[in-house]
Each structure stands twice: as structure tokens, then as C-alpha cells.
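Novice: task: produce atomic coordinates for the following.
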Amino acid sequence: EDREEARKTLVLALQNLDVVGEIRTPTDYLVQLLQTEAFKRNKIDTNWLDGLIRERAVRLKYEQGDVVFYAAVLRACRALQA
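Specialist: Next up is the predicted model:
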């Protein structure tokens, strides 16, 4: 199995991963990292991820409605805890 086949297998596995419960996972972010051209061409080094973060080159995309919903849930939880 070559590197590209292993990368594709990992992307597929992460895309099909289901986590149950109140656990946040970075799977969408990892998939985006694995799909960058630099990763595909194996042109990465120890500064690669720092550069992506600094340039904000890879971001998670959230639906606006989801963000509003989760913000409302968070505020409600905090109000109940007070």
C-alpha cells in the first residue's frame, strides 16, 4: 500500500467516523489537512501546521444556524448552572 492509498483510506475512515456523546472531535479538521496539496505531495515539515494555522488556510465550516443553536444551548446551560 503506497502513501496516497493510505491517505485516502484515512480520509474515508475519518469521514465515516461517528462519535456518540458530548465529545468534540477534530475529524473534519484532520480530513481538510489530509486533503491539502502539500500533504498529498508529502511536502510538509515541522513548520507546516504552524504555517497553516498562522495563515488560517484550513478552517472548519459551520452552518450559521448550527452556530446560533449551539450558542443558545450554551447560554441556557450556563443560566441553569448559575
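
Novice: select the longest helix from the protein.
Specialist: For the chain, the helix with the greatest residue count under DSSP state H is helix 64-81.

Novice: give the rounded mean pLDDT of it.
Specialist: For helix 64-81, mean pLDDT rounds to 86.

Novice: now do the least confident helix or strand in the chain by mean pLDDT: distance to the chain's middle.
Specialist: Ranked by mean pLDDT, DSSP states H and E, the weakest helix or strand in the chain is helix 64-81, scoring a mean of 86. Mean-position distance between helix 64-81 and its chain equals 21 Å (CA atoms, centre = their mean, to the nearest Å).

Novice: what do you get for stretch 40-48?
Specialist: Per CA atoms, centre = their mean, the centroid offset for stretch 40-48 relative to its chain is 18 Å.

Novice: what's the answer for stretch 40-58, then?
Specialist: 14 Å.

Novice: what does it rub up against?
Specialist: 3-4, 7, 29, 32-33, 36-39 (CB atoms under 8 Å, 6 or more residues apart in numbering). For glycine as for every other residue, the C-beta is placed from the backbone atoms N, C-alpha and C.
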